[in-house]
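Peer 1: just need the structure, nothing else, for what follows:
(one chain, ligands or ions: 1)
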Amino acid sequence: MMRQYELVERVQKYKPDANEALLNKAYVYAMQKHGQQKRASGDPYISHPLEVAAILTDMRLDESTIAVALLHDTIEDTSATRAEIDEIFGEDIGALVEGLTKIKKLDLVSKKAKQAENLRKLLLAISDDVRVLLVKLADRLHNMRTLDHMSPEKRARISEETMDIYAPLAGRMGMQDMREELENLSFRHINPEAYETVTRKLKELSQRNEGLIRKIEEELGELLVANGLTGAQVRGRQKTPYSVFRKMQSKSLSFEQLSDVYAFRIIVDDIPSCYRALGIVHTRWRVVPGRFKDYISTPKQNDYQSIHTTIVGPSRQRIELQIRTRRMHEIAEYGIAAHSLYKDGEGANGEAASPRSNAYALLRRTIESLAEGDNAEEFLEHTKLELFQDQVFCFTPKGQLINLPRGATPIDFAYAVHTNVGDTCVGAKINGRIMPLVTRLNNGDEVEIIRSGIQVPPPAWEEIVVTGKARAAIRRATRAAVRKQYSGLGYRILERTFDRAGKSFSRDALKPVLHRLGQKDVEDAIAAVGRGELSSLDVLRAVFPDYQDERVTVKPSPDEGWFNMRSAAGMVFKLPGRARADGESGPEALPIRGLSGNADVHFSAGGAVPGDRIVGIMEKDKGITIYPIQSPALQKFDDEPERWIDVRWDLDEANNTRFMARILINALNEPGTLAEVTQAIATGDVNIRSMSMTRVAADFTEVQIDLEVWDLRQLNQLIGQLKELSCVSTIARVFA
Ligand code: MN
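Peer 2: Got it, this is the predicted structure:
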């Protein structure tokens, strides 16, 4: 077991000014708290946090991370509390230890289906500080190294979780050594037979090829020196059992068919030397085609840089080669942790350093690469992380992580934060820039929602958003707004219907009969009446089942002289013909210019009035028909220009002829309506030629009226007056 002074020395080796007091305090505190606790192996429990701390010193992490490693199990497993740790070590360290405590609780959930959710929470937890994750990985690595003392079930569960989540996570964070070790340890427990076989064959191979790695190292090294690259280091190794096994699986090869079991690294001082080394190697040995990759000019998302190539090397072995600088090597080994080495800007060899202020951006990129999948063949095919390829991870300005399905918009983001935020959202800033609300969000975007005091989300948003939560909320908000519009009208209709029946209407009266009307609540029912979906009479009958319906029929007295009712059943009314307002009968010259001879001239079915722009059409056996140019009937003459006649009105001041125009009114279906409408028409000095009604909905009636007016001005005035009537819902002129 590592002693207190040994730990301090290890840290001081790479960080001479490390806070020694902090390390000592954490060591003593953890030692006291864990006391006599034992691990499954029988070792004192304290050996575990010490080993975790040791792993992190290999990654050369700062003293506060090392202290957190020492303390990482204290809240969960001992009498220690967050408050106590805050008091002794400060809130920063307290928060980190608490983060680890939270993740540990997540570990207990092992069901596969839950893992996706787990990882999400894990990411949420680390969005505070990436050091939590570094300690967690070191913790997991030590637990995997000492897994043999656990029960078989526990071993399997922990190994699967490691393979599914932690190993890929380490890879994504650029920590390749950590990833490989986690994979191999998991492999050993998940598939013991395969592990044994591959390991045995690798051993046999290295015995058969004894000294081969050394030999190739020497030959490569000498070649580089001979060509002037004196500072180059060459390191060879056999691939790990798991990477060999994975290759066998993915390529369906037997062990014997695998050609490249050896990998070599050439490490040089600077980038120009990388390309020189590449040139030297390629000149001397044959290159295996299709294997060359330059990750120096195009680094991977996790900052990995190297040149990859495969050659047929000395002894005719296929050899995988990685060429990189020392700095690149450190990043490849330690990944995200390597950045912390240079956080004070002390970059090696003048290469780019990551100042501490970059930690947040770095974390974002990590999460991005976790979700993105830059190199499927390497990780994603083999990990559960592919679950996250259809998601994007975004941030609020305060750094809260919001995960959304791919294709999500700022509107989805707003609703994910809170329904209120969504409902009042009017704009969005993405990474500080105002962007359209239809913008698709990308991983790592920081989204700031611009809100207004009140705002009903436009119904069209429903088509834009991708999350169910946003869609449901928008639908709810729009439905409420539309319902408000219709409920006023519905209330009035109900009041009148009840009134007519000698009953009084109230919202309370509706409550007991809602189920019979198929309505969820009173407001829904009232709005349904307003929309014409529910008949007010049905409501009346539901509330008063005994009510005897005196069939509501329109029965204006013929004595009034307005019109005669021809058929009560069909609701068709015919007025006494008034083709000519002057009361005279017989043909009369039409006041229209452009006509010649004694052509038989008449108006189209919808009529036309002075002021209308008109056109004449010659029709066989029908003479000339005058149409307003809005008439849809004109379309069928489009291809026969020879039949079109230019005509215009020719009226003098003393015009005493009325002209027919047809209108269509949508009105409330009640007897008073007809009287109101006809009254208004009469008051406007307009004649009614004919009128027909059709019941189109329970509470609404369509009334078509052929009017006789002096001119367009008078007609428009009348239409304006009718529109004002409370019983009139819509009114429009009909052109036939
Ligand atoms: Mn632990």
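
Peer 1: low-scoring stretches of this structure, by residue?
Peer 2: For the chain, the stretches with pLDDT under 70 are 105-129, 301-302, 335-391, 399-401, 443-444, 485, 548-599, 652-655, 695-696.

Peer 1: neighbours around residue 503, how many?
Peer 2: Neighbours of residue 503 under the rule other Cβ atoms under 10 Å: 14. Glycine gets a C-beta too; all of them are placed from N, C-alpha and C.

Peer 1: thinking it is in contact with residue 541, fair?
Peer 2: No: counting by Cβ atoms under 8 Å, residue 503 stays clear of residue 541, with 10.9 Å between them.

Peer 1: show me which residues of the protein sit near the ion.
Peer 2: Within the chain, the residues that sit near the ion (Cβ under 5 Å from the ion) are 73, 139.

Peer 1: report the buried residues of stretch 142-159.
Peer 2: 142, 143, 144, 146, 147, 150, 155, 156, 157, 158, 159 (16 or more other Cβ atoms under 10 Å).

Peer 1: my guess is residue 59 meets residue 334, correct?
Peer 2: Yes: in this structure residue 59 lies within contact range of residue 334 using Cβ under 8 Å: 4.9 Å.

Peer 1: give me the common contacts of these two.
Peer 2: residue 175 (Cβ atoms under 8 Å, 6 or more residues apart in numbering).

Peer 1: just to revisit the earlier point, quickly list what's touching both of residue 503 and residue 541.
Peer 2: Taking Cβ under 8 Å, 6+ apart as the contact rule, residue 503 and residue 541 both touch residue 547.

Peer 1: and for residue 439, the neighbour number?
Peer 2: Residues near residue 439, counting by other Cβ under 10 Å, number 16.

Peer 1: er, residue 632 actually
Peer 2: So residue 632, with other Cβ under 10 Å, has 11 neighbours.

Peer 1: mind checking how far the closest residue to it other than its chain neighbours is from residue 612?
Peer 2: Spatial nearest neighbour of residue 632, excluding adjacent residues (Cβ to Cβ, 6 or more residues apart in numbering): residue 735 at 6.5 Å. Residue 735 is 9 Å from residue 612, where distance means Cβ to Cβ, to the nearest Å.

Peer 1: quick check: neighbours shared by the two?
Peer 2: The contact sets of residue 735 and residue 612 overlap at 628, 630 (Cβ under 8 Å, 6+ apart).

Peer 1: remind me, longest helix of the protein?
Peer 2: Of all segments of type helix in the chain, defined using DSSP state H, the longest is helix 468-500.

Peer 1: show me the strands in the stretch 351-500 of the chain, by range?
Peer 2: Taking DSSP state E, counting those that start in this stretch as the test, the strands found in the stretch 351-500 of the chain are 391-395, 401-405, 425-430, 433-435, 447-451.

Peer 1: tabulate these in a markdown table, adding columns for mean neighbour count and distance to residue 285.
Peer 2: A markdown table is the format used below for those (neighbours: other Cβ atoms under 10 Å; distance: least, Cβ to Cβ, whole Å):
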| stretch | mean neighbour count | distance to residue 285 |
| --- | --- | --- |
| strand 391-395 | 21 | 44 |
| strand 401-405 | 18 | 48 |
| strand 425-430 | 18 | 50 |
| strand 433-435 | 12 | 51 |
| strand 447-451 | 19 | 52 |
